[in-house]
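> Give me coordinates for this.
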Amino acid sequence: MKEKMTQTLKLLKRYWMLAVGGLLMLSMAIALAATLAGESMQDDESRVIEAVGRNNISFAMFYIENDLFPENPVPANLHFLRLFTDFVEIRSSFSANFGEQLNINYTYVASTRFVISHATGFVGGVSTVFEEHNEISRVTGTAFDSVLNFQPTDDGEPGGLYTINLHEYLETFNNFLDYFDRQMDAVGVTSGSRNFSADLFVEFSYTINAPSIGLNENSTRGLRIPISTEVFTLEATGSTGFNTQRTIGETIVENLNTTNVFAFVALIFVGAGLVFFHFRLGSDRSGKSEALAESIMKKHANEIVFSQSPLELCGYKIAQVDDFGELLKLAINLGKHISSYKSDEKAEFCCIVDDFAYYYCIVFEEEDVDEKS
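Predicted structure coming up:
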């Protein structure tokens, strides 16, 4: 009975502090707002964040061994000969600058698109009769930084070096023509001038998303390679990047009465102190669960990217992980980083691998102090 009364008194003391402190802080906040509205002038001011992204692409054309053109790669300022072409190397890289550190989500996709077209007879009239898509690379991830710099030499990062064998696509085009001719012969129609052409598009797409400033940009850049032309050049397609600005609003308060400000701030601190002692006396939320989270964050600080906002996992398939050691093992083996966000209620850890978000969460639950004594 005595223990229950003692516990009840402790609870009353705690919640009295919470109630008084909360009311004091609320009252001072209302009074401060009224003072600001009546005695001060507010000027809306904003800061501008400029985001600049650059989608870079280059290529090198290689000929088969021959006596007429011994130099490889072939100088890029020349027209190329289909008869001598062996393969083409294409490099993709990306860089971006945001001016300040942000939480950034990115997705990179490299793909090929083989298109067979038919000239209609009208000036500039071309119809697509066959199209084949192939995704050759995809990388997704997150970063907390003011810049991004993805180079072809970085394994596991967006961008890369790709070797495209043009003979494979020429063979596909020739097979198409042979099949078309056979079908025409089968129905007794002379094919005549077929007017078919083939092109290969190699495309690199970078999608950059920074939720805190409402930024969502996509840049797709590539090369168009004529397959059916004996003398050809490579044509760049798509956008070279993006240059955009985001305005973030701020409010600057001027001409405040200094005495009033000090009084309000002092009273708010008193209220905050009461609220603090309420939680300090009545909660052991830094018990086993929070201590575990703090231990993980301290021990593995070099492998963890700490986020200032909740983790954005929309669009990913969530794979729950029961132990941080398994998540760490996955990240180390695949060369990925672990993102983390800690609030008053929980600590989240996540590793992004392709379309999956491997997720480990520690929930902080209240524990009765008296039970531990």
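
> quick one: buried residues of the host helix or strand of Glu168?
Using DSSP states H and E, the element containing Glu168 is helix 166-186. Buried residues in helix 166-186, defined by neighbour count with 16 or more other Cβ atoms under 10 Å: Leu166, Tyr169, Leu170, Thr172, Phe173. C-beta: built from backbone N, CA, C; applies to glycine.

> now these in a markdown table, with pLDDT and distance to Glu365?
Shown next, in a markdown table, are the buried residues of helix 166-186 (pLDDT from 0 to 100; distance: Cβ to Cβ, whole Å):
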| residue | pLDDT | distance to Glu365 |
| --- | --- | --- |
| Leu166 | 93 | 62 |
| Tyr169 | 94 | 60 |
| Leu170 | 93 | 66 |
| Thr172 | 93 | 61 |
| Phe173 | 94 | 65 |
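
> Let's have those in CSV, adding distance to Phe80.
Output for those, formatted as CSV (distance: Cβ to Cβ, whole Å):
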residue, distance to Phe80
Leu166, 10
Tyr169, 14
Leu170, 13
Thr172, 19
Phe173, 17
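
> circling back: chain center to the helix holding Glu168: distance?
Offset of helix 166-186 from its chain centre (Cα atoms, centre = their mean, to the nearest Å): 42 Å.

> and the next helix or strand after it, which strands flank it?
Scanning forward in sequence from helix 166-186 by DSSP H and E, the next helix or strand is strand 196-210. Strand partners for strand 196-210, identified by DSSP bridges, are recorded as strand 85-119 (antiparallel), strand 215-226 (antiparallel).

> can I get these in JSON lines with mean neighbour count?
Converted to JSON lines, the strands paired with strand 196-210 look like this (neighbours: other Cβ atoms under 10 Å):
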{"stretch": "strand 85-119", "mean neighbour count": "18"}
{"stretch": "strand 215-226", "mean neighbour count": "19"}
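
> Please produce TSV containing these, extended by mean pLDDT and distance to Val74.
Putting the strands paired with strand 196-210 into TSV (pLDDT from 0 to 100; distance: least, Cβ to Cβ, whole Å) gives the following:
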stretch	mean pLDDT	distance to Val74
strand 85-119	94	9
strand 215-226	95	14
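
> Please name whichever of these is nearest to Lys342.
strand 85-119 (14.3 Å; Cβ to Cβ).

> got the contact list for the helix holding Glu168?
82, 85-88, 114, 116, 130, 190-191, 194, 196, 198, 200, 225, 227-228 (Cβ atoms under 8 Å, 6 or more residues apart in numbering).

> Partner strands of the host helix or strand of Phe144 and their direction?
Assigned by DSSP H and E, Phe144 belongs to strand 126-150. In the sheet, strand 126-150 lines up against strand 85-119 (antiparallel) (DSSP bridges).

> Quick one: closest of the strands paired with strand 196-210 to Cys351.
Ranked by Cβ to Cβ, the member of the strands paired with strand 196-210 that lies closest to Cys351 is strand 85-119, at 14.2 Å.

> element containing Gly325?
Assessed by DSSP H and E, Gly325 sits inside helix 324-334.

> Enumerate the positions of that helix that are buried.
For helix 324-334, a neighbour-count test (16+ other Cβ under 10 Å) marks Phe324, Leu327, Leu328, Leu330, Ala331 as buried.

> Quick check: pLDDT value at the fourth one.
Read it as Leu330. Here the pLDDT value assigned to Leu330 is 89.
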